[in-house]
Structures are given as C-alpha cells and as structure tokens.
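Engineer: when you get a sec, could you give me coordinates for this:
(2 chains)
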Amino acid sequence: MLDTETRIPRGYLQGKPLPRSKAIRLLAGGILAALGFLVPLVLDKVWMGLAVSAVVLGLFALSIGWLSSKAGLLSLGHSAFYGSSAFFVAIASTRWGWDLTQAFFGAIGFSVVLGVLIGMASVRVGGIGFAMVTLAFGQAIYLLSVQESLRSTTGGDDGLSVGFGDFLWISSSNMNHAGLWPVVWISVLAVCALLAIVNRSSFGLLLEAIRDNQERAKFSGFNTYLPRVAAFTLSALVAGVAGALFAVTIGFVSPQNLFWLASAYAIISAVIGGVNTIGGPLLGAVIYVLLTDRFASTGNFDLYLGATFVVVMVLIPAGLAGLPAMLRTRRGQKNERNGRTA
Amino acid sequence: MTTYEESFSMTILLNGLALSALLMLLSSGLALMYGMRGIMNFAHGALYMLGAYVAYSVAEVSSFWLALIVSPLLLGMFGAFAERFGFRFLVGRDLLEVGLVTLGGSLMIQSIVITVWGPQDLSVSVPKILDGTTRVLGEDYPSYRLFLIVVAAAVMFGLWAWLSRSRTGLFIRAASVDRETTAMMGVNVDRIGTLVVAVSMALAGVAGTLASAYLSVSPGMGVQILVPALMVIVIGGLGSIGGAALAALVLGVLEAFAGAAFSPSTAAFFPYVALILVLMFRPVGLFGQRAL
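Structural biologist: You can find the predicted model right below:
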C-alpha cells in the first residue's frame, strides 16, 4: 500500500528541454483539465449529482490517501476536517450571517488551523498509534456536534441546512450541480496541481525519506517532526476543501459527516483506487459512487463494497491505479527468472 | 441523607461496572488478537453485533441460557474458519493493511446481518430467574446487570488462568514473542494462531449475548462500541490483555460517575480525552511494552 512510486526525471524543472513522452503527458493532462469544464453539457441531472458526489468524495479520499502514501500516516480521523469544514459552512451561513463565499473560504481556513493543532498532537506517535489518536480526535469532534447543549448552534442529531445565497460568481438562481460544476472542477485541478508540485519538491522527497526511515532522516540532520505536521496540515486542507464543497453542493450537513465511518468509506475509496498516485483516490471515489448508485436500492451496498475492498486489498494492494505498474513488475520478475531482460 | 448518597453512588458504580464488563470482554478479545496474532481487528464490533443477533435467534426458539453457549461457540467456529482460510494468507503483510481488510469484512458482516434479521431494533427478554432486582448494600439493583458483571469477571479470570497457567497459554505467549523460534521448538504455531482468533471472536460472542438482553439488538450496536473498545486497548497498552482489562474497568466506572455528575453525553468524551492524554505522556500506553 505504501510502496514508493517510481520517480519521474526532474530535469525539466532545471530548464532542460522536456522529454517527448513528458510533453505528451502534460498536453493530455491539459486537454483533460479543459474538457472537464464541459461535463455539464454531457451529463443529465442525475449523473451530474453522481459526478459531484464522486469529486467531493474523491478529494476527501485523496487527502487521506496522499498522507498515507507520502508520510506513511494512515488517519482514521479525517472526518474531523471534512465534517467540521462542512459544518463551518452551514453554521457561518445560517447563524453568523456570513455569505456563502466567506463561509467557504472560512471553512477551509478553519480546517487548516484544526489540522495544525491535531497534527502537532498526533504525528508524535507513528503507525497504528497515529491511526488511533486521529480516530480519538475525530470521534471527540463528532460527539461535540451531537451535544445537546450545542444544539442551538450545530442542530444536533437533526443536522443543519446550509444558508442560501450567491456563491462566488454564481447567482443563487443557478445554484444546482451543473451551475456549481466549474467551482468543483477548479477545486479538483487546484488540489491535484498542489499535491503534484509538493510530491516533486524537495519537501516531498524529505517526507518520503522520513517515511522510509525516520531515524536515518533525523541522523542526516533533518527535523522529522515539523515536515510531518506540515504534511498533515496540507492533507487537512484538502479534506477541508472536500467538506466545504460538500456543504455548498449538497446544502445540508449532518453529524454522520463527522462520524468515523465517513473516514472509513473515504479510506476504502482511496485504497480501491490506489493511494500511490493522485488519480487513484479519485478513481476509487468514482467506483464507489457508481457502486452506490447501482446497489444502494438493493440494501446490500455494504456487502458489495466490502467484498470489492477485501479483494482489492488482498490481491492488488497498490489499488486499481497501481495495477499496470504491478503487472509490469511481475512480468519483469518473470522475465528475469527466465534469464531475459525486461 | 448520607445513606441515600451512598446507595446512589453504589448504583452508579454498578452501572459503570456493567459498562466496564462489556468493554472488558470486547477489548480483551481485541488485545488477544493484536498481541498474540498481530491483527488489529476492525470487525470486532460487527462480530459482537453478530453474536447478539445469533443470541436473539437462539433465545427465540429455545432459551437465553442456550444462547449463552451457542453464540460464543458459533462465533469461535467462525473465527477459526476466518483464520484458517483468510488471515493465515496475510501473515507478513502490513499491520494496517490487514486492519483495513477486517474493516471491509466488518461492512460485509453488517450488511449480511441486516439482510437476515432486518434493520429494526430487536430485544431479547431477560431470563425469568434474573428478571427481578437484588439488594446490594441497601439498594435494589437489576439482577441481570449483576449477572452480566459476574459472568464477565468469571470469563476474564478464566482467560487469565488459561493464558498464564496452561501449557497452551504458554505456547500462545511464546508465539506472540517470537513466532519463528516457537515453531522451531516444535509448537504448531499455525494451530495456535487459529485458536487465538477463535477465542477472540468467541469473546465477542459472549459480549454480544450478554449485551443482547441488556441493550437493544440493533445493526448499529457494533460500530458504536468498537471505537471505545479500540481506545481501551490503546490506553491499556497495545497487546496487553491485563492493561486492556484494567483500562476498561477504570474507564467504564469513571464514565458512569462523570455521566452522573455532568451528563451522559459529556461523559462520552471520556475515552477519547483519556487516550489523547495517555499517549501524550506515555506513548506505549499504560501497560504496553513495545512502542506503537
């Protein structure tokens, strides 16, 4: 699950000409990014709803998957950022009289602050301990949302509707999934670009070094604590973007968004898609949403999801996005055994 | 006045002990599986729920007493099966990977339970003989809860005696320290592993059966108690069964008193705050030997 991905040559950052395959890939990415804006022209209302859900879940899954892949830290409490960002939008827009745009950016800022605080406390312990501490923080925040004494603010078990109004350049009359799609798509592109840049930066390398061998990284003179807090905060930011988008597009938040199962479903999506790439968790979320659409009415959704997850986990730990690389390696090993070069 | 306050706190103490008893049974099963077999079982809550539903069905056609035997037995057999044909092939895989596999298993169990028994809450009636109240130090207290506490204490004592006094217990402890060397000494570590998983899941069956007549039987009961039980084993020190039992005891009782002093929903914060505080000052947990 946490294998190192193969590193792409970093020459072009130093002004060398782009290798041809690289240029083609960048061009394809650019075209894909531009085509993404046209999605509302192709999909009908129902499919637009699914597309928005897939992207929101995909960003949430990406926040957890990226942290687990780059920092080796699997968080079970990211619903704390996702859910409280969604709640922030709802509370600020209904109780404090903020307009939606302010609430949206305020919520993302709030998850960053929360990310710094929880990160400082939780990255001290690694592995399973980290999973448990983040789970504890997440559940504590969930409990806060259902406290009877806070019902006048959070709406308690009933949840809370998001205030209605203009959002960024979108007028309130156009606030449907198709109308909001440009914001959703720009958020995805921004997050993917940000994570891709971080992955290729020296900071990304340092994170990998700490993940692979913390003692050696420390011995080489690096601070191993602050980079992990920073990675955790970045991941909280991404989860916060997902939560704020959820609140704006769905228009209703409930304590279920803060419950640990919300994190569990995001982890499942991330793992099915593959955590070692940026596209993997997004792919996993698409599969998750399609499964929901297909099986939710049968009432056996969890059975199929659980089974898919277990099969992927056991057979292809690198996830569906890691399948081609895994097959290549396997073929390479076979060729090596047969005395041929791959 | 004084006597009233004393007996009142006696009731709170017993309520706390009843909660402790369930947490203890669940967390000792979790700790057993983690410590002796290296699996963090996120399906433990779902198995506890399955145990409660099995108990419901057995109690419907026969009696609660039979359920108390059948449910743990079935869960134990399921555990042996799951180990033999599932977990054994995951030896050597990353701890969190195996944990996530159990998370997927937990979703499947939950879905199957809803298909078989339906989504509505069910209730199991308390057996006749335990239906009344018993006087404990001048206070009437529901007999069934006392029974729950006594059974849990007996099971915990049995588990302790088995692990620390029997030959099999010795093998289990040896295999948990060094699987390879234990195997070289002629112990069948595969069979030991199967036994450990079976006992762990049987404990979830005991907890589920006891809970079935105490709380209502619902599909959500597993996910509700799983997280506090996980907190308990981390606070106690991962893999330490004694630590888990003690942490369950202290947390259950403290939560009951905090619930009486403030409100039950405030007291629910207790396990999380305790975990965060314990890990800040003692990252291995109260009785943990190895770092997390």
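Engineer: spell out which helix or strand contains the residue lying closest to A:Phe259 once chain neighbours are set aside, please.
Structural biologist: With C-beta to C-beta, 6 or more residues apart in numbering or on different chains as the criterion, A:Phe259 has its nearest non-adjacent residue at 5.3 Å, and that residue is A:Tyr142. From N, CA and C alone the C-beta is placed, and that goes for glycine too. Taking DSSP states H and E as the definition, A:Tyr142 sits inside helix A:127-146.
Engineer: for the stretch 51-200 of chain B, which residues are neighbours of chain A?
Structural biologist: B:89-90, B:93-97, B:99-101, B:103-108, B:110-112, B:114-115 (C-beta under 8 Å from any C-beta of the partner chain).
Engineer: hmm, 6 Å instead?
Structural biologist: Contact residues of the stretch 51-200 of chain B with respect to chain A, defined by C-beta under 6 Å from any C-beta of the partner chain, are listed as B:Leu95, B:Leu96, B:Glu97, B:Leu100, B:Val101, B:Leu103, B:Gly104, B:Leu107, B:Met108, B:Gln110, B:Ser111.
Engineer: now A:Ser69: how far from A:Arg211?
Structural biologist: Note on A:Ser69: its distance to A:Arg211, by C-beta to C-beta, to the nearest Å, is 9 Å.
Engineer: could you do B:Ile114 as well?
Structural biologist: The value you get for B:Ile114 to A:Arg211, if C-beta to C-beta is used, is 39 Å.
Engineer: so which of those two has more stuff around it?
Structural biologist: Ranked by neighbour count (other C-beta atoms under 10 Å in any protein chain shown), B:Ile114 and A:Arg211 place A:Arg211 first, with 21 against 17.
Engineer: what sits against the more buried one?
Structural biologist: Contacts were defined as C-beta atoms under 6 Å, 6 or more residues apart in numbering or on different chains; by that measure A:Arg211 touches A:Ala71, A:Gly72.
Engineer: state the helix or strand in which it lies.
Structural biologist: Counting by DSSP H and E, A:Arg211 is found in helix A:202-212.
Engineer: what's the mean pLDDT across that helix?
Structural biologist: Taken as a whole, helix A:202-212 has a mean pLDDT of 88.
Engineer: repeat for stretch B:121-133
Structural biologist: Mean predicted lDDT for stretch B:121-133 stands at 81.
Engineer: buried ones in it, by neighbour count?
Structural biologist: With burial defined by 16 or more other C-beta atoms under 10 Å in any protein chain shown, the residues of stretch B:121-133 counted as buried are B:Leu122, B:Val124, B:Val126, B:Pro127, B:Leu130.
Engineer: who's in contact with residue 210?
Structural biologist: Unless you meant another one, I'm taking chain A. In this structure, A:Ile210 makes contact with A:Ala217, A:Thr224, judged by C-beta under 6 Å, 6+ apart.
Engineer: the intended chain is chain B.
Structural biologist: If you count contacts by C-beta under 6 Å, 6+ apart, B:Leu210 has them with B:Leu148.
Engineer: secondary structure element for it?
Structural biologist: Secondary-structure assignment from DSSP H and E places B:Leu210 in helix B:189-212.
Engineer: centre of the chain to that helix, how far?
Structural biologist: The gap between the average C-alpha position of helix B:189-212 and the chain average comes to 9 Å, counting by C-alpha atoms, centre = their mean, to the nearest Å.
Engineer: buried ones in that helix, by neighbour count?
Structural biologist: B:189, B:192-212.
Engineer: next, count neighbours for the one residue in the stretch 101-250 of chain A that gets nearest to chain B.
Structural biologist: Taking C-beta to the nearest C-beta, chain B has its nearest neighbour within the stretch 101-250 of chain A at A:Gly129, 3.1 Å off. Residues near A:Gly129, counting by other C-beta under 10 Å, number 21.
Engineer: cool, the one 4 residues further on as well?
Structural biologist: Using other C-beta under 10 Å, A:Val133 has 28 other residues around it.
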